[in-house]
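1. The sequence and its predicted three-dimensional model are supplied below.
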Amino acid sequence: MKIYRPNDRCNIVGEQVRLLRKKAGLSQEELAAKIQLAGLDMSQKAVSRIETGSRVVPDYELLYLCRALHVPLDVLLPEIQ
């Protein structure tokens, strides 16, 4: 089975995660720490791979990312054109 990767990326939220993280003044390590405090084990390396699109992001991780960045889910998801 072939997995479709738009623009050769494993996720569609990475760029938005990076923009929101920087806007919040957080480092990748600080974002990972906030997510860990919320109860999900996530490393700085995982955040980096999400932002570069080289890592799949399960739905439950999207929720933790939203909570840590204080944004609703639709802010992470790009509009489909």
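-> Noted; the coordinates are in hand.
2. C-alpha from now on. contacts and neighbour counts both.
-> Noted.
3. For Thr52, give its distance to Gln28.
-> 12 Å (Cα to Cα, to the nearest Å).
4. how about stretch 42-57: buried residues?
-> 42-43, 46-53, 55-57 (16 or more other Cα atoms under 10 Å).
5. what separates the helix or strand of the chain with the lowest mean pLDDT from the chain centre, distance-wise?
-> Least confident helix or strand, the chain: helix 73-76 with a mean of 94, by mean pLDDT, DSSP states H and E. Centroid separation between helix 73-76 and its chain, computed with Cα atoms, centre = their mean, to the nearest Å, is 10 Å.
6. helices or strands next to it in the packing?
-> With contacts defined as 3 or more Cα pairs under 8 Å, 6 or more residues apart in numbering; DSSP states H and E, helix 73-76 has these neighbours: helix 59-69.
7. could you dump the helix it packs on to PDB, C-alpha only?
-> The C-alpha trace of helix 59-69 is given here as PDB (Å, rounded to 0.1, in the frame of the first residue of the first chain):
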ATOM      1  CA  ASP A  59      -4.800  12.800  16.300                       C
ATOM      2  CA  TYR A  60      -4.200  12.600  20.100                       C
ATOM      3  CA  GLU A  61      -0.900  14.400  19.700                       C
ATOM      4  CA  LEU A  62      -2.700  17.200  17.800                       C
ATOM      5  CA  LEU A  63      -4.800  17.800  20.900                       C
ATOM      6  CA  TYR A  64      -1.700  18.000  23.100                       C
ATOM      7  CA  LEU A  65      -0.100  20.400  20.700                       C
ATOM      8  CA  CYS A  66      -3.200  22.600  20.600                       C
ATOM      9  CA  ARG A  67      -3.400  22.700  24.400                       C
ATOM     10  CA  ALA A  68       0.300  23.500  24.800                       C
ATOM     11  CA  LEU A  69       0.000  26.300  22.100                       C
END
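8. Check whether Leu65 really touches Ile35, as I assumed.
-> Yes. Look at Leu65 against Ile35 with Cα atoms under 8 Å: they come within range, at 6.9 Å.
9. quick one: which of the two has more around it?
-> In this view Leu65 and Ile35 are compared by other Cα atoms under 10 Å, and Leu65 has more residues nearby, 25 against 22.
10. Much appreciated, bye for now.
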